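>>> based on what follows, work out the 3D shape:
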Amino acid sequence: MLAASLATAAPLGLSLLFVEEKHVITSVKEGGQASKANIVSGMQVVEVNGKSTDSMTHEALVATLSASSTDVLEIKCGEPSKSWQQREQYKKKQQAEESLKIKVLPFLLLTFFWIFAAMCYTQRDSVFECANMKGVYLQMEPYMAAGFIGANFISIYAMVGNLKSPVDKQKTA
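Alright, predicted model coming up:
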């Protein structure tokens with residue numbers, strides 16, 4: 001159990017949800033009061049100013065935290081539940097997998113387009129042996145070139161955009 005004293009004059013730096021019949025802290029602003037008091041995401045708010053939160057509605061708890069009549073807010077928090085920790089680990093794993101997909105996809109796209117371009121260029125003479133295919137190929141060639149160039153630009157843009165880590169993107173957002 002963690003007991004913390006937070007000043008009501010400044011923002012607390014935390015977000016709450018009512019999950020599984022408990023008042024759970026869903027996020028803590030880095031550098032905020034809650035963070036400095038070692039409150040972490042997933043903790044359950046058990047007591048506020050000596051009053052148990054078991055019988056409080058979520059709206060009543062938020063109102064108590066927002067409009068406290070005292071200069072200091074006394075909060076007691078329980079440790080994050082096992083299910084919450086598992087949920088957070090799953091979310092982090094999903095974010096890591098998504099980040100990997102975003103970083104690898106442009107490279108794969110470029111690789112496939114370069115292979116396709118090389119195949120088209122090297123097989124160009126054999127295509128021209130068939131009169132019907134020669135016409136089709138010559139009509140499609142400008143579109144294939146434009147698609148190839150467009151795919152290169154899109155892939156390069158995506159790669160440059162992904163040079164920043166997800167943490168850097170969150171800080172700038």
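>>> care to break this structure down by domain?
2-80, 95-168 (automatic domain parsing).
>>> can you flag the weakest of these by average pLDDT?
Lowest mean pLDDT of those: domain 95-168, a mean of 74.
>>> pull the distance from that one to the chain's centre.
28 Å (C-alpha atoms, centre = their mean, to the nearest Å).
>>> buried residues, stretch 67-83. List them.
Ser68, Leu73, Ile75, Lys76, Cys77, Pro80, Ser81 (16 or more other C-beta atoms under 10 Å). Any C-beta I mention is one placed from the backbone N, CA and C, and that applies to glycine too.
>>> the most centrally placed residue in the chain is in what secondary structure piece?
Nearest to the geometric centre of the chain sits Gln95, at 6.0 Å (C-alpha atoms, centre = their mean). Here Gln95 sits within helix 82-122, counting by DSSP states H and E.
>>> any idea how far Ala63 lies from Met43?
According to C-beta to C-beta, to the nearest Å, Ala63 and Met43 sit 20 Å apart.
>>> out of the domains of the chain, deepest packed?
Counting by mean count of other C-beta atoms under 10 Å, domain 2-80 has the highest mean neighbour count of the domains of the chain, with a mean of 15.
>>> so how far does that domain reach from one end to the other?
The first and last residues of domain 2-80 sit 11 Å apart, counting by C-alpha to C-alpha, to the nearest Å.
>>> off-centre distance for it?
24 Å.
>>> same check on stretch 1-13?
That offset, for stretch 1-13, works out to 27 Å (C-alpha atoms, centre = their mean).
>>> what does it rub up against?
With C-beta atoms under 8 Å, 6 or more residues apart in numbering as the test, stretch 1-13 has contacts from 28-29, 31-35, 37-39, 43, 46, 65, 68, 70-79.
>>> next: stretch 49-65.
In contact with stretch 49-65 (C-beta under 8 Å, 6+ apart) are residues 12, 16-18, 23, 45-48, 68, 70, 73-74.
>>> who are the packing partners of whichever helix or strand Ala145 is part of?
In this structure, Ala145 sits in helix 131-161 according to DSSP H and E. Judged by 3 or more C-beta pairs under 8 Å, 6 or more residues apart in numbering; DSSP states H and E, helix 131-161 is in contact with helix 82-122, helix 124-127.
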